[in-house]
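Enquirer: build me a structure from this.
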Amino acid sequence: MLDKTPSVSVFTPPSLKAFQSIEVNIFRDFLHNTYDELLSLSNTVKLWDCIPKYSLSQVEQNRMRSKDGQLPVYRKEFRFMDCDYCILITPAFLSIEDGRAYFPSANEELVEDALRKMATLQNQCFFDKEKASCGITFTLHQLRTELKKQGHSRSYQEVVKSLLILARSDIEIYAKNSGGQGFSIEKFIRISSFSSNTELDNSESRWVAFFHPLVYKAMNDIEYRQFNYRQMMQLKTHLARWLYKRLAYYYTNAAHTVPIKLSLAHIREESGMLERSRSNDAIKELEAVFEVFMTIKVFNSFKRIKDIRGERNKVIDIIYEAHPHSDFIKSVKAANKRQSDGREKRQQKTVGLTRQLR
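Expert: Presented below is the predicted three-dimensional model:
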């Protein structure tokens, strides 16, 4: 049974101006050669897509649950781009399951990725500078269709459950070197209705999802990059999808002569995954992802270049060297140019507005 009284409100939809902003136009403007290639592309967002916010699997959550179905606040420290962060996630409590608690996990990540892809199509994305918000208008039918297209079919009930988990889970993010001052305490997304029928189980009712403020910041500053969303969505494991987006955003200098250095310890720390009791299991899981990356032409080859061991010869870290495939290098160069073009367009727009005001 679906929740008939979700924590959403009826409101006035975003203005027409918000759907026609320069930020939306740049967000949707991909560098591509064919229409099919255009359909395969989406945006990966700086920092937000690399935070280990979806790392707790359902199996791990079941282990953490109390007998009455509750979960504690989840705390995770991680190091990212030479900065130490901490996240605190408060679980969602679902009245559709008698108050049982859930953390957002891989299912919810797929839903967010699908919404962000949908935001690059038609006229569904908005960016409102006055209200410091951005997001997408959608129907459940559209969302289910997009997920099915990418090989992740979900029932209406499953999609609604994921939306409620995203809308009712709080995430606090702070940089540890900031003295513990939280710089973001928000929902994963916020959802509201602007339909006459506000029940979530109505497949054609119109809804709006407000993305996290870090997505707004990325759209405002053009701190996002195009990547092969279709290929990412077809990857079978959560770790593979996380690492794919990580590579797509941060390895901007990919070239045949510039191998990619990867660390088992860093990936484990940054992703929140690979926490295995036996280090060999973590190694096998990561190397299986590398093997998949070779089959989909992200890597041309990879090898271990250094094993770091501690007491009793226990593996502490493994350093890998991966040589990017020419297809991946091509996609990185396209993403570089598209990002550069986007910033130039925004600059031209800013200069034009400044002249009008003089």
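
Enquirer: elements contacting the longest helix along the chain?
Expert: Secondary structure of the chain per DSSP state H: the longest helix is helix 326-357. Using 3 or more C-beta pairs under 8 Å, 6 or more residues apart in numbering; DSSP states H and E as the contact criterion, the secondary-structure elements in contact with helix 326-357 are helix 22-28, strand 224-228, helix 238-250. C-betas here are computed from N, CA, C, even on glycine.

Enquirer: now do it, average pLDDT.
Expert: Per-residue pLDDT values across helix 326-357 average out to 84.

Enquirer: can you pull the buried residues of that helix?
Expert: Within helix 326-357, the residues that qualify as buried are F328, I329, S331, V332, A334, A335, N336, R338, Q339, G342, R346, counting by 16 or more other C-beta atoms under 10 Å.

Enquirer: chain center to it: distance?
Expert: Taking the mean C-alpha point of helix 326-357 and that of its whole chain, the gap between them comes to 22 Å (C-alpha atoms, centre = their mean, to the nearest Å).

Enquirer: relative to helix 238-250, how tilted is it?
Expert: With axes from the mean of the first three to the mean of the last three C-alpha atoms, to 10 degrees applied, the angle from helix 326-357 to helix 238-250 works out at 50 degrees.

Enquirer: the most centrally placed residue in the chain: what's it in contact with?
Expert: Against the mean C-alpha coordinate of the chain, by C-alpha atoms, centre = their mean, the closest residue is D49 at 3.9 Å. Neighbour list for D49: K245, R246, Y249 [criterion: C-beta atoms under 8 Å, 6 or more residues apart in numbering].

Enquirer: ok, residues contacting stretch 213-229?
Expert: Outside stretch 213-229, the residues that reach it (C-beta under 8 Å, 6+ apart) are 23-24, 26-27, 30-31, 40-48, 113, 116-117, 127, 129, 132-134, 150, 173, 184, 186, 244-245, 248-249, 252, 331, 334-335, 338-339, 342-343, 346.

Enquirer: now which of those residues would you call buried?
Expert: Buried members of those, counted by 16+ other C-beta under 10 Å: 23-24, 26-27, 30-31, 40-48, 113, 116-117, 127, 133-134, 150, 173, 186, 244-245, 248-249, 331, 334-335, 338-339, 342, 346.

Enquirer: quickly note the distance from M233 to R338.
Expert: M233 sits at a distance of 20 Å from R338 (criterion: C-beta to C-beta, to the nearest Å).
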